[in-house]
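Undergrad: Predicted structure and sequence below. I'll ask about it afterward.
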Amino acid sequence: SDPTVHAQEGWHLELEKKEDPLVYKGVVYNEMKGVYSSPDSLLMRESQRSLFPDNTYGVDSGGDPTKIPDLSFEQFAEFHGKFYHPANSRIYFSGDDDVLKRLEIMAEYLDEFGESPESKPGSVIEWQKKTIAEPVWERHPYPAGADQPETHN
């Protein structure tokens, strides 16, 4: 419910100096820029996308940095409210403390949250249909440093 969280964690525009152009910044935006500059990460991304085109395993959890600035605060808040809800979690305990006391503490915390009937159904991952009947070859470009041409054929 706080737009400043979206601006800090997702994306925002920043101006370093008056004469400089505005630049995109943000924790997730910058992390995903790093992911998208790694050949290993890009290989993994394209492999997942190719193998799982019909479910959540085929998309990035952080998002494509070229698309992140298209995410509005309203979209962010709706997604967060739906999927980052205790109804969509698994809670595990470990230790030798009093189980009833532990459950009371957890109940106090969880009672603050209302129902979220769309959390669980929205998180169901459908069984992947078999879409590959024979070998498939794909080619995807990735950034390569000019100082390492022999490693990026």
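TA: Everything's here; your move. Numbering: from 1, shown residues only.

Undergrad: those helices in the protein, which residues are they?
TA: Under the criterion DSSP state H, the chain contains helices at 3-5, 27-35, 39-51, 73-83, 99-110, 119-122.

Undergrad: For residue 131, which of the ones you listed is the nearest?
TA: Closest approach to residue 131 among the helices of the chain (C-beta to C-beta): helix 39-51, 8.9 Å. Bear in mind the C-beta positions are built from the backbone N, C-alpha and C, glycine included.

Undergrad: List the buried residues in the closest one.
TA: Within helix 39-51, the residues scored as buried using 16 or more other C-beta atoms under 10 Å are 42, 45.

Undergrad: Check what contacts it and list those residues.
TA: Outside of helix 39-51, the residues within contact range by C-beta atoms under 8 Å, 6 or more residues apart in numbering are 35-36, 57-60, 128, 132, 136, 138, 140, 142-144, 152.

Undergrad: Repeat that for stretch 90-102.
TA: residue 106.

Undergrad: Need the pLDDT of the residue positioned nearest the centre of the chain.
TA: Closest to where the C-alpha atoms of the chain average out (C-alpha atoms, centre = their mean) is residue 61, at 2.2 Å. Note for residue 61: predicted pLDDT of 81.

Undergrad: follow-up on the earlier one: make a markdown table out of the helices of the chain and add mean pLDDT and distance to residue 93.
TA: Below are these laid out as a markdown table (pLDDT from 0 to 100; distance: least, C-beta to C-beta, whole Å):
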| stretch | mean pLDDT | distance to residue 93 |
| --- | --- | --- |
| helix 3-5 | 85 | 29 |
| helix 27-35 | 88 | 30 |
| helix 39-51 | 89 | 32 |
| helix 73-83 | 87 | 23 |
| helix 99-110 | 92 | 6 |
| helix 119-122 | 80 | 21 |
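
Undergrad: To residue 66, which of those helices lies closest?
TA: Of these, nearest to residue 66 by C-beta to C-beta is helix 27-35, at 9.5 Å.
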